[in-house]
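> how would this look folded up:
(one chain, ligands or ions: 1)
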Amino acid sequence: MEKTPQALKGKKIILGITGGIAAYKMHAVVRHLKKLGAEIQIIFSPCAEEFVTKLSFSTMSERPVYSEFYSSEDGSWNNHVELGLWADLLLIAPCTANTLAKMAHGMCDNLLLAVYLSAKCPVMIAPAMDLDMYAHPGTQRNLSNLESFGNQIIPVGDGALASGLSGKGRLAEEEVIMEYVNTSLSSKNEFKGKNVLITAGPTHEPLDPVRFIGNRSSGKMGYALADKAAQMGAMVTLISGPTNLVPQHPNIKLINVETAQEMYDVALKNFSSQDLVIAAAAVADYRPKNIASQKIKKNIENGDSMQIELIKNPDILQEMGKRKTDQILVGFALETTQGLKYAKEKLSKKNADVIVLNTLEDEGAGFGTDTNKIYIITEKDQLALPLMPKVHVAQEILTFCHHNFLK
Ligand code: C5P
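Residues are numbered from 1 along each chain as shown. Model prediction:
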């Protein structure tokens, strides 16, 4: 990740501030962003002014702070569509449970929500609330809804809260917010003119019309790679098994598939025109040999057991390895033991250029989590990265590939 002050120069950020105690902490963030050269347009939710003043934020951002559709001073219209198109990034911090819920349900009863719905740029949300509000299933569901829209959630901090309680719900620290903003805005079109194909998510292998064999892959890693590659300028083809995620960037062509065979067919059809292929999907190695045309019934005569015959699925990555001309091939390896040994073997067996290893021996790595801890393995290198959010992992993998193979 580029952390030089140049990264944010001239970038346009809309900062949405909502009515939470933590709103005052955004003074420091605004000052930091301004210092790095960003342009900042601040929009308050209706309650924000109960906590902080427009005067201090307009002085720091050197722009008027908006909160209404119409300016009460000169009657002009604060055009939410134009604002939504103007920004390179919409950051909502702190985001209260109320605004979070409204965003998750597409509500639009204030200017900030209208800008959110109109925004074409990446959206980052830093929630802040008391621990019980944060833990409530309603809030958690809203957060996963927002994630499924492609919005990025900056994780809450854990510690002292305004209520006097202690736990999860604090606004992320200034450095964390700055790191997220930097990562999102520091792309330099490294992949301009490149085609990138990514497989993501699980596959579902049907047994009968209502059942399938699947796995716990959420698709988060593959979607993060697709969004990041597109932000870095690539034209991305994302071949995805069933997930509840939506890619965010307009330069991502999403092709939905269900089974390994479908994923294989689509991936190989699109293979020859690619510069980089990242196989992040958790493809089922086997599928039921026969798919029953009707729901399989409990068969009392067979007693307490039942046999399902499985046959091998094609290995997409391995086949691409056989056919590759000058494509760069990246595979994933999820291992529970002896990760480095198996990953090295996979590299040569599949004729891949890079294997990204995550091992369930490392806490916070693997399926379903928002974080990952990876090792990037090539013929020559073996790079261990620390535990970090999947969006940052995506950036590291893509930067590595660009630097080592595509420059
Ligand atoms: O051999 P294994 O399944 O452990 O290899 C994992 C890597 O191979 C991942 O990159 C995965 O996406 C890819 N793969 C594939 N087709 C399969 C099985 C795995 O592309 N049938």
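> Tell me which residues touch residue 201, please.
Going by Cβ atoms under 8 Å, 6 or more residues apart in numbering, residue 201 touches 217-219, 222, 240-243, 245, 281-282. All C-beta spots, glycine's among them, are computed from the backbone N, C-alpha and C.
> what two of those residues are the furthest from one another?
Largest separation among the contacts of residue 201 by Cβ to Cβ: 245 and 282, giving 14.0 Å.
> ok so, going back, most neighbours among the contacts of residue 201, which one?
Tallying neighbours with other Cβ atoms under 10 Å puts residue 222 at the head of the contacts of residue 201, with 29 neighbours.
> wait, it sits on residue 282?
No - taking contacts as Cβ atoms under 8 Å, residue 222 lies outside contact range of residue 282: 9.2 Å.
> Tell me the predicted confidence for residue 29.
We have a pLDDT of 97 for residue 29.
> same question, residue 301
69.
> do residue 263 as well
Per-residue confidence at residue 263 stands at 98 (pLDDT).
> repeat for the one 5 residues further on
The predicted structure scores residue 268 at 98 on the pLDDT scale.
> what's the answer for residue 69, then?
89.
> Look up how far the ligand lies from it.
Distance of residue 69 to the ligand, given as Cβ to the nearest ligand atom, to the nearest Å: 48 Å.
> since we're on the closest residue to that residue other than its chain neighbours, how many residues are nearby?
Spatial nearest neighbour of residue 69, chain neighbours left out: residue 111 (5.5 Å); criterion: Cβ to Cβ, 6 or more residues apart in numbering. Using other Cβ under 10 Å, residue 111 has 22 other residues around it.
> quick one: contacts for residue 111?
Contact analysis of residue 111 by Cβ under 8 Å, 6+ apart lists 43, 66-69, 78, 80.
> how about a cut-off of 6 Å?
Residues in contact with residue 111 (Cβ atoms under 6 Å, 6 or more residues apart in numbering) are 43, 66, 69, 78.
> Residue 343 too?
Contacts of residue 343 (Cβ under 6 Å, 6+ apart): 333, 355, 357, 377.
> Let me know the pLDDT of the last one.
This means residue 377. 96.
> and it, bridged to which residues?
Partner residues in beta bridges with residue 377, using DSSP bridges, are residue 355, residue 382.
> Return the residues of the stretch 251-400 of the chain in contact with the ligand.
With Cβ under 6 Å from any ligand atom as the criterion, the stretch 251-400 of the chain meets the ligand at residues 260, 279, 281, 283, 285, 313, 315-317, 331-333, 346.
> Go ahead and build a ChimeraX selection from the buried members of these.
Applying 16 or more other Cβ atoms under 10 Å to those, the buried members can be selected in ChimeraX as follows:
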select :260,279,281,283,313,315,316,317,331,332,333,346
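> and the residue nearest to residue 154 when sequence neighbours are not counted, how many neighbours?
Residue nearest to residue 154 in three dimensions, not counting chain neighbours: residue 126, with 4.1 Å by Cβ to Cβ, 6+ apart. Neighbour count of residue 126, defined by other Cβ under 10 Å: 25.
> Among the contacts of residue 111, which one has the most neighbours?
Most surrounded of the contacts of residue 111: other Cβ under 10 Å gives residue 43, at 26 neighbours.
> and that one, what does it touch?
Residue 43 sits in contact with 16, 66, 111-112, where contact means Cβ under 6 Å, 6+ apart.
> Now for these: which two are most distant?
Across the contacts of residue 43 (Cβ to Cβ), the longest gap, 10.1 Å, separates 16 and 66.
> Name the helix or strand for the nearest residue to residue 50 once chain neighbours are set aside, please.
Using Cβ to Cβ, 6+ apart and skipping residues adjacent in sequence, the residue nearest residue 50 is residue 19, 5.5 Å away. Residue 19 belongs to no helix or strand when elements are defined using DSSP states H and E.
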